[in-house]
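S.K.: With the input below, show me the fold.
(2 chains)
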Protein chains: 2
Amino acid sequence: MGEFSLIDIIRQRCASSRSDVVLGIGDDAALVEVPPGNELVICTDTLVAGVHFPVDTSAFDIGWKALAVNLSDLAAMGATPAWALLALTLPKADADFVRALADGFSALASVHDVALVGGDTTQGPLSISVTVHGFVPKGQALRRSGAQVGDRVFVSGTLGDAAAALHLLESEHLQRAVGSPDAGLLVRLNRPQARLACGIALRTLANACIDVSDGLLADLGHVAHASGVAIEIDQWKLPASSALQSCCTSALRAQLQLTGGDDYELAFTVPAERIDAMNDALTGVGCAITCIGRVVEGEGVRVLDSVGNEITPPRGGWEHFS
Amino acid sequence: MGEFSLIDIIRQRCASSRSDVVLGIGDDAALVEVPPGNELVICTDTLVAGVHFPVDTSAFDIGWKALAVNLSDLAAMGATPAWALLALTLPKADADFVRALADGFSALASVHDVALVGGDTTQGPLSISVTVHGFVPKGQALRRSGAQVGDRVFVSGTLGDAAAALHLLESEHLQRAVGSPDAGLLVRLNRPQARLACGIALRTLANACIDVSDGLLADLGHVAHASGVAIEIDQWKLPASSALQSCCTSALRAQLQLTGGDDYELAFTVPAERIDAMNDALTGVGCAITCIGRVVEGEGVRVLDSVGNEITPPRGGWEHFS
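M.R.: Next up is the predicted model:
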């Protein structure tokens, strides 16, 4: 089984028919066309076995997640996704593994009409780097740096589910039965959904946006730093799934929601006068949002309890090499 | 030393000032602009320690080569390079290593005005994935699939130097003294030059083009297959450096030149009536080319000796997992 056979497996399973792909997999490079009036949005993220996913994660889920974490970055920019490249490093040429991985990648790519246009397979310890490309109308990309004092802070979906799944896995308390609350948490860990429609709806409405991948506190810290402001979070407002509420103490829940990471929700700030327009824009998007705080003068992120007293948050944020 | 400090090191050392970069490193994704009338050219390649470079390769050379092998793919398409992303996986947060790697990457990026616009650092076994982007005027990209019966086959530069260096390294016969012929071979292995100016000059002139990364026979095999033709190579015409001529027997030299890989030269086919125009276009590019064969009917690649008899070539081509 050579490199070219593995590439053929991937190509067959990730076929797409975007008209803006002039030349896909199979030459020295791909050729694509960016629609006029748009800026190109590009990002890359690598998943390493044992670091970014448990070593026993299924190949399907690895393929799905490698694309999802990248699409989440596009969502945070308000971009419409278009093309991806997949650089796959494998210990050995395992065709079944590659088939399942390509199926997971392709399952999510199909949902968002993402074409796989290139890639590379190499031999080495398991890791997977994906680069994704999207568009945004010129000048409309959402950034981390635009938060203004007075903005309200919102988050999409619920926080802490993926971190709870990881916690339960590590403590060997996860109940895997289909339909169990824990199974729902595990889906959040292994098959994250990028909030692309939400990001697109927030163009021209949100002042700042980021995806919550390293933990809410760490990621809002980036927004505060880039924008030159402080952010106050009302901890009691953080949206939690019923599965999360039923699986852990309130102290653990707070820690998972504030610092757990792997949420792939959007956190964004919106000026008060645009909140009605935002709610209109989000109608039909199918993405619940929750107001969790506000932008104030100063620096850093503060967490408040229900009577407005500052809470010392748990140690913050997933940071590699920390 | 956290991920963000490593990214800061890379960002500082890879600063650029391209006007088409709207937003570089530091947000969820980069924002760039493709000039009107151009197609975007994208490719990605991963280098794994011990597979794509000897484990004792310097960090500077790793950074250089990771970009070079990708730029070589752009060269093969006739693209003008523009932007790169760097996904770096490191066993530990070694700031000195990252500084040197970024310096090597940046040294080559500066030569070709490539802006580093994004990336990712993760913990794991050493590997480096680079994604590069370039432009080509609409419809002018060089492909593997356009070779026509009657075309002449050319190659840029010389073949076999990098493979000779690797051979000498592995047999512990490499003479590292500065200025020695072997030192010149080692430079070809560790700091390849992508033939970007040559590829740009060949737009609208070459019928097919590929970069020679996996060995001449293997890569011309891709051209023959994609174009539905056969290619005949005159082995005695293959261009060799004086260092290569002095370091090995003619049999070994033939093997290194035909199957060695890591050349990062361009192999391309040009119809006879465009050869004068090609020579004009290459004037001033500073890239010697050599006619090494012709495109004929049939399939596959045949190697001929100086009286036109077919030679059985050595086992062919670098292929991962083979």
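
S.K.: From here on, just use CA atoms for contacts and neighbour counts.
M.R.: Noted.

S.K.: in the stretch 151-300 of chain A, which spans are helices?
M.R.: With DSSP state H, counting those that start in this stretch as the criterion, the stretch 151-300 of chain A has helices at A:161-170, A:181-190, A:196-202, A:216-227, A:242-247, A:250-259, A:275-282.

S.K.: Which of those helices sits closest to chain B?
M.R.: In terms of C-alpha to the nearest C-alpha, the element of the helices of the stretch 151-300 of chain A nearest to chain B is helix A:216-227, at 8.9 Å.

S.K.: Report the angle between that closest one and helix A:250-259.
M.R.: Helix A:216-227 and helix A:250-259 are oriented at 30 degrees to each other (axes from the mean of the first three to the mean of the last three C-alpha atoms, to 10 degrees).

S.K.: If you count contacts, what does helix A:216-227 end up packed against?
M.R.: strand A:208-212, strand A:230-234, helix A:250-259, strand A:300-304 (3 or more C-alpha pairs under 8 Å, 6 or more residues apart in numbering or on different chains; DSSP states H and E).

S.K.: Check which residues of the third one are buried.
M.R.: Along helix A:250-259, these residues count as buried under the neighbour rule (16 or more other C-alpha atoms under 10 Å in any protein chain shown): A:L252, A:R253, A:A254, A:Q255, A:L256, A:Q257, A:L258, A:T259.

S.K.: just the last one next, same as before
M.R.: Going by neighbour count (16+ other C-alpha under 10 Å), the buried part of strand A:300-304 is A:G300, A:V301, A:R302, A:V303, A:L304.

S.K.: Is it correct that the third one is in contact with A:I231?
M.R.: So the one you mean is A:R302. Yes: assessed by C-alpha atoms under 8 Å, A:R302 is found in contact with A:I231 at 6.3 Å.

S.K.: how many other residues sit next to A:C248?
M.R.: Residues near A:C248, counting by other C-alpha atoms under 10 Å in any protein chain shown, number 14.

S.K.: residue ranges with poor pLDDT in the stretch 201-322 of chain A?
M.R.: A:314-322 (pLDDT under 70).

S.K.: now the angle from the lengthiest helix in chain A to helix A:181-190?
M.R.: When chain A is parsed with DSSP state H, its longest helix is helix A:59-77. Counting by the same axes, to 10 degrees, helix A:59-77 points 70 degrees away from the direction of helix A:181-190.

S.K.: quick one: contacts for the closest residue to A:H112 other than its chain neighbours?
M.R.: Spatially, and ignoring its direct neighbours in sequence, A:H112 is nearest to A:P81 (7.0 Å; C-alpha to C-alpha, 6 or more residues apart in numbering or on different chains). Contact analysis of A:P81 by C-alpha atoms under 8 Å, 6 or more residues apart in numbering or on different chains lists A:L71, A:L74, A:H112, A:D113, A:V114, A:V132, A:H133, A:G134, A:F135.

S.K.: From these, which land in strands?
M.R.: A:V132, A:H133, A:G134, A:F135 (DSSP state E).

S.K.: tell me the contacts of the closest residue to A:H222 other than its chain neighbours?
M.R.: Among residues not flanking A:H222 along the chain, A:R144 sits closest, at 7.1 Å (C-alpha to C-alpha, 6+ apart). Shown in contact with A:R144 (C-alpha under 8 Å, 6+ apart): A:A208, A:C209, A:I210, A:H222, A:V223, A:A226, A:S227, B:D27, B:D28.

S.K.: What pLDDT does the model give the residue lying closest to the fifth one once chain neighbours are set aside?
M.R.: Taking C-alpha to C-alpha, 6+ apart, and ignoring the residues beside it in sequence, A:V223 has A:R144 as its nearest neighbour in space, at 4.8 Å. Listed pLDDT for A:R144 reads 97.

S.K.: how much space is there between the nearest residue to A:T312 once chain neighbours are set aside and chain B?
M.R.: Spatially, and ignoring its direct neighbours in sequence, A:T312 is nearest to A:V303 (7.2 Å; C-alpha to C-alpha, 6+ apart). Going from A:V303 to chain B by C-alpha to the nearest C-alpha, to the nearest Å gives 23 Å.

S.K.: isn't A:V303 right next to A:P313, touching?
M.R.: Yes: counting by C-alpha under 8 Å, A:V303 touches A:P313, with 6.7 Å between them.

S.K.: circling back to that earlier point, just give me the closest of the ones in strands among the contacts of A:P81 to A:L217.
M.R.: For these, the minimum distance to A:L217 (C-alpha to C-alpha) is 25.7 Å, reached by A:V132.

S.K.: how many neighbours does the closest one have?
M.R.: A:V132: 25 surrounding residues under other C-alpha under 10 Å.

S.K.: what residues are up against it?
M.R.: A:V132 sits next to A:I42, A:C43, A:T44, A:N70, A:L71, A:L74, A:P81, A:A82, A:W83, A:A84, A:L85 when contact means C-alpha under 8 Å, 6+ apart.

S.K.: Out of the contacts of A:R144, grab the one that's most surrounded.
M.R.: The most crowded member of these is A:C209, carrying 33 neighbours; neighbours defined as other C-alpha under 10 Å.

S.K.: Run through the bridge partners of the closest residue in space to that residue that isn't next to it in sequence.
M.R.: Computed as C-alpha to C-alpha, 6+ apart, the closest residue to A:C209 that is not its neighbour in sequence is A:F268, at 4.1 Å. Applying DSSP bridges to A:F268 yields these beta-bridge partners: A:F154, A:C209.

S.K.: Go ahead and confirm A:F268 touches A:F154.
M.R.: Yes: taking contacts as C-alpha under 8 Å, A:F268 lies within contact range of A:F154: 5.3 Å.

S.K.: Between the two, which has more neighbouring residues?
M.R.: For A:F268 and A:F154, the more surrounded residue by other C-alpha under 10 Å is A:F268, and the numbers stand at 30 against 21.

S.K.: so what's whichever residue of the stretch 51-200 of chain A sits closest to chain B up against?
M.R.: Minimum separation of the stretch 51-200 of chain A from chain B (C-alpha to the nearest C-alpha) falls at A:D73, amounting to 5.2 Å. Counting by C-alpha under 8 Å, 6+ apart, A:D73 touches A:C43, A:I210, A:D211, B:D28, B:A29.
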